[in-house]
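Asks: Give the three-dimensional model of this entry:
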Amino acid sequence: MQFNSFIFFVFAALFFLGWTQFKKRNQSRWIYLTFASFLFYGWWDWRFLFLIIGSGLIDFLAGLGIVRFSKYRKIFLVLSILGNVGSLAIFKYLDFFIESVAELLGLFGLGASVHTLGIILPVGISFYTFQSMSYTIDIYRGQMKPTPHIFHFFAYLSMFPQLVAGPIVRAKDLLPQLEKNIKVDEQQRWDGFQLIVHGFFKKVVIADNLAPIVNKAFEMSTVYPSTTFWWIIMAMFAFQIYCDFSGYSDIARGLGRWMGFDFGVNFNHPYTSSSFREFWSRWHISLSSWFRDYVYIPLGGSREGRFAMYKNLWLTLLISGLWHGAAFTFIAWALCHCIYLTIEKLTDWPRHIKKIPGGKLVATLIVFMCATIAWVFFRAQSFEQAGTILLTMFRPENLAYSQFGHLIGYSGLFIFMIIIFREVYVYLFSQKPFLWARFNFGRLLDTPVRMAAMVMLIVLSLSMHGPGNQFVYFQF
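Replies: Next up is the predicted model:
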């Protein structure tokens, strides 16, 4: 079930009614969370419950085996990694591999009919396998002890708010929280409410209104021959995917606050970044840090010299691209960021640009434009389409405004106005206090202004919501 569906509101209401009673004791808390999360996940297709249960059992037993049979600890770790990577390989990449081999054979004149298996991608598999795998890796490294209680483990692994699209929460962070009957105070309820309202606003008003415009542009039989058109469309997609994904994370974090848990920030205004290093410290933070800790650093990080550092950086980003989807376009998207980060490390251009007046703004615009160019590969349906769009975006003769108002119209401009309002509002509240908050009368106004803003966002979400769309990252 999706957050933006009526059935979820019914589920959430019933869950929190029971949560007040079941959360008081460890065993009842863990069992209640596990079965509620299984109901939430099984609503799509109950058969996929066997996959998450099987994957979880492998890691639960591997974690116990690493400690109890230390002589064979490497074997248990390998079994855990193979179990998780193997399930990803089968359900996410097997059909892609079959098609790729057939295309490769065709290049050598050895064409053969392609018979893919038509495997359905389980929702959230990329998230919960990484979350489960980090559990056994941290135990192997001695950074945490395994839990002996199976429902304690599954309450962590299947926690429904962040199960299908993150944030990816580490076991060493969430398992200790699950051992306490955390009393939720009024401040946590208010913080959670604000996060949930922000998340729904970003999803249903911004992302869901931008999605039809972007989708229509990419579904045209031929690429529209206008430079201005495609820069606007790609800027729209940049905000669509950001608001869609960060909206889900905000709702998940808000629900977690209401339950007494802290999932951590997953997005921190990435489009305000003035360097690509900063961008990746702000975009999908839980995944970026996961790849840093479990891929980049184990590969050697920057410990073995500059060449090794670049090699490890490229490998990590390319694996990250493949994680996003079984298509070469995702690898191309990651390759763009490999190039961006390499150039940045070689030249240190952001630092030089920031020395000039207004340099930080210029650096921020450069990062956003380059990220937008990379998004072309992420969104395009094929390499051919991506290539044609990129050529169109950089044709000077097509810079003039063209007659495409029937596609974008005033709705796109209006959505951009909402985005600007929303980003300024969040920046004022989450980054810096209002100027008047420094004075006594400002402190009196702070709470009423926040409440009025919440009411306004709720009204906008109810009155201006776009057509209901599945969250973008459900397909990853």
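
Asks: pLDDT weak spots in this protein?
Replies: 95-119, 397-447, 468-476 (pLDDT under 70).

Asks: on contacts alone, who are the packing partners of the longest helix anywhere in it?
Replies: Of all segments of type helix in the chain, defined using DSSP state H, the longest is helix 227-259. Counting contacts by 3 or more C-beta pairs under 8 Å, 6 or more residues apart in numbering; DSSP states H and E, helix 227-259 is packed against helix 6-22, helix 186-200, helix 208-218, helix 359-379, helix 383-393, helix 409-426. C-beta: built from backbone N, CA, C; applies to glycine.

Asks: Kindly recompute the last result at 7 Å.
Replies: Identification of packing neighbours for helix 227-259 by 3 or more C-beta pairs under 7 Å, 6 or more residues apart in numbering; DSSP states H and E yields helix 186-200, helix 208-218, helix 359-379, helix 383-393, helix 409-426.

Asks: Which among those helices is found nearest to Thr316?
Replies: helix 359-379 (16.1 Å; C-beta to C-beta).

Asks: Next, the angle from the closest one to helix 383-393.
Replies: 150 degrees (axes from the mean of the first three to the mean of the last three C-alpha atoms, to 10 degrees).

Asks: Only the buried residues of helix 359-379, if you could.
Replies: 360, 363-364, 366-368, 370-379 (16 or more other C-beta atoms under 10 Å).

Asks: got CSV for the helices and strands packed on helix 227-259, with distance to Leu462 too?
Replies: What follows is these, written out as CSV (distance: least, C-beta to C-beta, whole Å):
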stretch, distance to Leu462
helix 186-200, 10
helix 208-218, 13
helix 359-379, 29
helix 383-393, 35
helix 409-426, 14
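
Asks: Met451: which of the ones you listed is closest?
Replies: Here helix 186-200 is closest among the helices and strands packed on helix 227-259 (C-beta to C-beta), at 9.3 Å.

Asks: With just CA atoms, put the closest one into PDB.
Replies: Output in PDB follows, covering the C-alpha atoms of helix 186-200 (Å, rounded to 0.1, in the frame of the first residue of the first chain):
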ATOM      1  CA  GLU A 186       4.300  16.800  22.200                       C
ATOM      2  CA  GLN A 187       7.400  18.100  20.500                       C
ATOM      3  CA  GLN A 188       8.000  14.800  18.700                       C
ATOM      4  CA  ARG A 189       4.300  14.600  17.600                       C
ATOM      5  CA  TRP A 190       4.600  18.200  16.300                       C
ATOM      6  CA  ASP A 191       7.900  17.500  14.500                       C
ATOM      7  CA  GLY A 192       6.400  14.300  13.000                       C
ATOM      8  CA  PHE A 193       3.300  16.100  11.900                       C
ATOM      9  CA  GLN A 194       5.400  18.800  10.200                       C
ATOM     10  CA  LEU A 195       7.500  16.200   8.400                       C
ATOM     11  CA  ILE A 196       4.400  14.300   7.200                       C
ATOM     12  CA  VAL A 197       2.700  17.400   5.900                       C
ATOM     13  CA  HIS A 198       5.900  18.500   4.100                       C
ATOM     14  CA  GLY A 199       6.200  15.100   2.600                       C
ATOM     15  CA  PHE A 200       2.700  14.900   1.300                       C
END
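
Asks: Val376 touches Leu390, doesn't it?
Replies: Yes - at 5.7 Å, Val376 counts as touching Leu390 under the criterion of C-beta atoms under 7 Å.

Asks: Could you name every residue contacting both of these two?
Replies: Taking C-beta atoms under 7 Å, 6 or more residues apart in numbering as the contact rule, Val376 and Leu390 touch no residue in common.

Asks: and Gly142, which of the three is it?
Replies: coil (DSSP: H, G, I helix; E, B strand; the rest coil).

Asks: count of neighbours near it?
Replies: 9 (other C-beta atoms under 10 Å).

Asks: Next up, the contacts around it.
Replies: Contacts of Gly142 by C-beta under 7 Å, 6+ apart: none found.

Asks: Distance of it relative to Trp46?
Replies: 38 Å (C-beta to C-beta, to the nearest Å).

Asks: What's the separation between the residue nearest to His465 when sequence neighbours are not counted and Phe394?
Replies: In this structure, His465 finds its nearest non-sequential neighbour in Val204, 4.0 Å apart by C-beta to C-beta, 6 or more residues apart in numbering. To Phe394, Val204 is 34 Å away according to C-beta to C-beta.

Asks: Which of the two has more residues huddled nearby?
Replies: Val204 (24 against 12).

Asks: Correct me if wrong: the more buried one contacts Ser461.
Replies: Yes - judged on C-beta under 7 Å, Val204 makes contact with Ser461 at a distance of 5.4 Å.

Asks: Which positions in the helix or strand where Val78 lies come out as buried?
Replies: Element membership for Val78, per DSSP states H and E: helix 73-88. Neighbour-count burial for helix 73-88 flags Arg73, Phe76, Leu77, Leu79, Ser80, Ile81, Gly83, Asn84, Ser87, Leu88 (criterion: 16+ other C-beta under 10 Å).

Asks: same question, stretch 257-271
Replies: Arg257, Trp258, Met259, Gly260, Phe261, Phe263, Gly264, Asn266, Phe267, Pro270, Tyr271.

Asks: Which pair of the residues you listed spans the longest distance?
Replies: Gly260 and Tyr271, at 31.7 Å, using C-beta to C-beta across the buried residues of stretch 257-271.

Asks: before we move on, the earlier item: figure out how far the next helix or strand after the longest helix of the chain is from the centre of its chain.
Replies: Next helix or strand after helix 227-259 toward the C-terminus (DSSP H and E): helix 276-282. Centroid displacement of helix 276-282 relative to its chain, using C-alpha atoms, centre = their mean, to the nearest Å, is 14 Å.

Asks: CA atoms only: put the helix or strand that helix 276-282 is followed by into PDB for me.
Replies: The element immediately downstream of helix 276-282 (helix or strand, assigned by DSSP H and E) is helix 285-291. The C-alpha coordinates for helix 285-291 follow below in PDB (Å, rounded to 0.1, in the frame of the first residue of the first chain):
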ATOM      1  CA  ILE A 285      22.200  10.500   2.400                       C
ATOM      2  CA  SER A 286      21.400   7.000   3.700                       C
ATOM      3  CA  LEU A 287      22.400   5.400   0.400                       C
ATOM      4  CA  SER A 288      25.400   7.600  -0.200                       C
ATOM      5  CA  SER A 289      26.800   6.800   3.200                       C
ATOM      6  CA  TRP A 290      26.000   3.100   2.800                       C
ATOM      7  CA  PHE A 291      28.100   2.900  -0.400                       C
END
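
Asks: Many thanks, we can stop here.
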